[in-house]
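Q: Below are the sequence and a predicted model for it; my questions follow.
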Amino acid sequence: MATVLVAEDDPDHQRLIAGVIRREGHDVMVAGDGRAALLATAHRRPDLVVADVDMPEMDGLQLCRALRADPDLADVPIVLVTAFSLPGDTRLSEAGATAVIRKPFTLQELGKALSPHLGEASARSPAAHMPLLEDAALDPVFVEALLQSVDTGLAACDADGRMILLNPTVREFFGDTSEAVPLDEWAKRFALRHHDGTELSAEDLPMTRALAGEVVEQSGLLATDRHGRQRWLTINARPVRDWDGAVVGAVAAVQDITLAYRSRLYQACKTEVLKALAESTSAAEARAQVVRTVGDMLGWRTVRLWLVDPVTDRLRVEAVYTGPNERPLPIPASMARGEGLAGQCWQRGELLWVTDLHAEDSPVLPEVVAATEFRAGGAVPVRSGEHITGVMTFFSYDQQEPEPALALLLTGVAGSIGAHVQQHRADDLAHHLAAATDEYVALVGHELRTPLTSISAYIELLAEAPGLTPDLRELAQVVDRNSRRLRDLVDQLLDLAALDAGHRTITVGEVNLTEVTGAAVAAAGERRITFETRLMPGLTMTGDSDRLRQVVDNLVDNAVKFSPDGSTVTVDLTGDDETIVLTVTDNGIGLPGDDRPALFRRLYRGDNARHSGIPGNGLGLALCRAVVERHHGTITLSRHEPAGTTVTVRLPRLHG
């Protein structure tokens, strides 16, 4: 009788292949992917490996190469099963496959294909591979001492499912009376589940599967120990056969992997929390998603997020998660420092664990305790920098232990929430500040326009007065020129404020940007400056023609204004199916040292511009930025060597 390892992720194909092999009287180990199969070989050396090529974690070719690289397993025959490779595909033989079975196949075709390899494997397999329940050579005292000393849980049952052996590790976990429970009642009696929390049937029990002749490797099991603590287990189980190959019982080894499982779970939870904070469209949505994620992934039935109200200096609930079919707990309108679980966490500034909500010294409010059957809970402070800005509380029916990995996770999650709260408040402040600035600009603009109207009108009347001397007429012209300049400045300020605030819309239509740019260059032409233009013909886009002309006029005007006589200004316009790129390059005074981003702020002028004596009001680039952004484009400044500046505007062809 040979031991055959079957690696197949499709459950139906797995059962089919394993059934054919068992029908021939051979022992079968089953793995759902290549990595699990490789791990199974460490527990028991197979005489033959049958592996599907397309599997998760590690595919059949990778498994084949890994086995061939191991000196202890290099000679094991490997039969690969595939539905993808074509005849003549050399990858299978190069990986070290002994033979290939191609899907689809019938039951007879599968048996015929495996038969010669099973025969050879059986001839190589020593009788020592056959586990026996009874062996006269083993000293019972020795066996008992061995079972008492190992940390791994060990169990054995007879062919009828009666437990005949449980070592102290299993008894400690399930209780001293567990040995009297028949195997077919274990799943229901101890509420056993799969790792994902779904119900485990009696037929799915690893030892039940072993009694059916299956070798089970790394089967996941979720159980609650005698102290009410959740534990994640992995089970290896195999049948026990007599000399004739009949199954006379089953044995199982139980490994507690709770720490490793929770570590992976906590990392996944933190990743999902960060994802929720990054992808949510509002602060309220982000906080609701975070408490839901924490509750779902950690199995907590109620999670609450409290934030400190800066007006009342009390905690108020910002988000609540209640598990499916769970009765909501009473929630106070607010909570003072030191009051209840959340208040005490706020006061102490540290993670709190409550292992028994109903104990006399429980910090949980009496009305909450009276309304629930929760067993445990806890609270973690939410920090923004050095300040505590909130508290997250949680409740569970299972005993909650203050383990370091969970404490680290909760501290990290709370820190992420705190950073998000701080950023949101900063964004709100910036929004309110921008709105206040726009209102201020609008108010000032209105107050300036009224006297400017009087000044302009009276200057016109004064200029028309008879007998005005040439000196007075020249003074009147100066006043008129400066009042017009001031009026233009007010108009630009109000225009820019309206664009930034979204109060002024843009008129969308088809724009021939080639014509717009050419017209702007022609209008700005000065004899002291040479223009070099390279405009791709027929570049059209959807946008506001007048606003885009404003942008080109401002950029060309700046290039001319800051360039010395006799220099060249280059205007390039190129594009593709998606974008149009406009660049304006001059050989002028260049960019200031460290304040390049500030040049797009309203009324800002660089030191080199202010000290050059060149007139300007610091609104041109700010207005360009606002118009370009309303067209969903970008505008950037860069140095042009050896002297000068290049402005680059990128615009989408379609405005959406």
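A: Great, that's in hand. Numbering: from 1, shown residues only.
Q: Am I right that N325 sits in a strand?
A: No - according to DSSP: H, G, I helix; E, B strand; the rest coil, the state of N325 is coil, so it is not within a strand.
Q: Could you tell me how many residues sit around it?
A: 6 (other C-beta atoms under 10 Å). Every C-beta, even on glycine, is put in place using the N, C-alpha and C of the backbone.
Q: Checking the residue most central in space within the chain next. Helix, strand or coil?
A: Compute the mean C-alpha point of the chain, and by C-alpha atoms, centre = their mean the closest residue is K275, 3.6 Å away. Assigned state for K275: helix (three-state reduction, three-state DSSP).
Q: Likewise for D356?
A: At D356 the chain is in coil, as set by three-state DSSP.
Q: For I17, give me its contacts.
A: Shown in contact with I17 (C-beta atoms under 8 Å, 6 or more residues apart in numbering): V6, E8, V50, V81, L110, L114.
Q: Pipe these into TSV and attach secondary structure per row.
A: Listed next are the contacts of I17 as TSV, based on three-state DSSP:
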residue	secondary structure
V6	strand
E8	coil
V50	strand
V81	strand
L110	helix
L114	helix
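Q: Just put these in JSON lines and tack on neighbour count and distance to R189.
A: Putting those into JSON lines (neighbours: other C-beta atoms under 10 Å; distance: C-beta to C-beta, whole Å) gives the following:
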{"residue": "V6", "neighbour count": "29", "distance to R189": "31"}
{"residue": "E8", "neighbour count": "24", "distance to R189": "32"}
{"residue": "V50", "neighbour count": "29", "distance to R189": "36"}
{"residue": "V81", "neighbour count": "25", "distance to R189": "39"}
{"residue": "L110", "neighbour count": "20", "distance to R189": "39"}
{"residue": "L114", "neighbour count": "23", "distance to R189": "40"}
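Q: Show the backbone phi and psi for the closest residue to H194 other than its chain neighbours.
A: Spatial nearest neighbour of H194, excluding adjacent residues (C-beta to C-beta, 6 or more residues apart in numbering): L200 at 5.6 Å. When read as degrees, to the nearest 10, the backbone of L200 gives phi -110, psi 120.
Q: I figured L200 was touching F190, is that so?
A: No - L200 is beyond contact range of F190, at 9.7 Å (criterion: C-beta atoms under 8 Å).
Q: more crowded one of the two?
A: Higher neighbour count among L200 and F190: L200, with 22 against 19, using other C-beta under 10 Å.
Q: hmm, back to that, quick one: contacts for the residue nearest to H194?
A: A187, L192, R193, H194, L221.
Q: quick one: the residue nearest to the centre of the chain and V290, what's the gap?
A: 10 Å (C-beta to C-beta, to the nearest Å).
Q: Can you check the pLDDT for P206?
A: We have a pLDDT of 93 for P206.
Q: hmm, I was thinking of L132
A: 38.
Q: Equivalent analysis for L535, please.
A: According to the model, L535 scores 94 on pLDDT.
Q: got the phi/psi numbers for it?
A: Dihedral angles for L535 - degrees, to the nearest 10 - are phi -110, psi 120.
Q: Now it. Nearest residue, chain neighbours left out?
A: Counting by C-beta to C-beta, 6+ apart, the residue nearest L535 is L573, at 4.5 Å.
Q: dump the residue contacts of the one you found.
A: Neighbour list for L573: L513, T514, T517, T533, R534, L535, M536, L539, I580, V581, L582 [criterion: C-beta under 8 Å, 6+ apart].
Q: So which of those residues sit within strands?
A: T533, R534, L535, I580, V581, L582 (DSSP state E).
Q: Now the buried members of those residues.
A: L535, I580, V581, L582 (16 or more other C-beta atoms under 10 Å).
Q: doesn't G575 make contact with the third one?
A: Yes - in this structure, V581 sits in contact with G575. The criterion is C-beta under 8 Å, and the distance is 6.5 Å.
Q: Give me the buried positions along the helix or strand containing A523.
A: In the assignment (DSSP states H and E), A523 maps to helix 513-524. By neighbour count on 16+ other C-beta under 10 Å, the buried set for helix 513-524 is L513, T514, E515, V516, T517, G518, A520, V521, A524.
Q: what does stretch 641-656 give?
A: By 16+ other C-beta under 10 Å, the buried positions in stretch 641-656 come out as G644, T645, T646, V647, V649, R650, L651, R653, H655.
Q: Wasn't T312 part of a strand?
A: No - using three-state DSSP, the secondary structure at T312 is coil, not a strand.
Q: can you list contacts of stretch 113-121?
A: In contact with stretch 113-121 (C-beta under 8 Å, 6+ apart) are residues 2, 4, 17, 20-21, 24, 26, 47-48, 50, 77, 79, 98-99, 101, 105.
Q: ugh, wrong one, I meant stretch 239-258
A: With C-beta under 8 Å, 6+ apart, stretch 239-258 has contacts from 1, 25, 27, 130-133, 152-159, 164, 169-170, 173, 206-208, 210-216, 230-238.
Q: Run the chain-centre distance for the helix or strand harbouring L637.
A: Per DSSP H and E: L637 is located in strand 634-639. Distance of strand 634-639 from its chain centroid, counting by C-alpha atoms, centre = their mean, to the nearest Å, is 32 Å.
Q: For the residue sitting furthest away from the middle of the chain, give me its contacts.
A: Distance from the C-alpha centroid of the chain peaks at G467, with 80.4 Å (C-alpha atoms, centre = their mean). For G467, the contact set (C-beta under 8 Å, 6+ apart) is empty.
Q: do the same with E326
A: Contacts of E326 by C-beta under 8 Å, 6+ apart are R301, T302.
Q: All the strands of the stretch 551-656 of the chain, in order from the start?
A: Counting by DSSP state E, counting those that start in this stretch, residue ranges of the strands within the stretch 551-656 of the chain are 568-575, 579-585, 634-639, 645-652.
Q: nearest to T312, of those?
A: strand 634-639 (44.1 Å; C-beta to C-beta).
Q: Pull out the buried positions in that closest one.
A: Buried residues in strand 634-639 (16+ other C-beta under 10 Å): I635.
Q: strands paired with that strand, and their directions?
A: strand 645-652 (antiparallel) (DSSP bridges).
Q: Please state the offset of the strand it pairs with from the chain centre?
A: Using C-alpha atoms, centre = their mean, the offset of strand 645-652 from its chain centre is 33 Å.
Q: just curious, which of the ones in strands among the contacts of L573 is nearest to D59?
A: Comparing the ones in strands among the contacts of L573 against D59 with C-beta to C-beta picks out V581 as the nearest, at 45.7 Å.
Q: roughly how far apart are the closest one and G620?
A: Counting by C-beta to C-beta, the gap from V581 to G620 is 20 Å.
Q: before we move on, what about L548?
A: Applying C-beta to C-beta to L548 and G620 gives a distance of 15 Å.
Q: Looking at those two, which has the bigger crowd around it?
A: Applying other C-beta under 10 Å to L548 and G620 shows that L548 carries more neighbours, namely 25 against 20.
Q: L61: helix or strand, and which one exactly?
A: Counting by DSSP H and E, L61 is part of helix 60-69.
Q: Angles on the backbone of T312, please.
A: Torsion angles, degrees, to the nearest 10, at T312: phi -100, psi -10.
Q: Check P466 too.
A: P466 adopts backbone torsions of phi -70, psi 150, taken as degrees, to the nearest 10.
Q: beta partners for the residue nearest to L535?
A: Beta-bridge partners, per DSSP bridges, of L573: L535, L582.
Q: Also M392?
A: Beta-bridge partners of M392, as defined by DSSP bridges: L305, V380.
Q: Next up, the contacts around it.
A: Contacts of M392 by C-beta under 8 Å, 6+ apart are 291, 294, 303-306, 379-380, 382, 410, 413-414, 417.
Q: and with 6 Å instead?
A: L305, V380, A414 (C-beta atoms under 6 Å, 6 or more residues apart in numbering).
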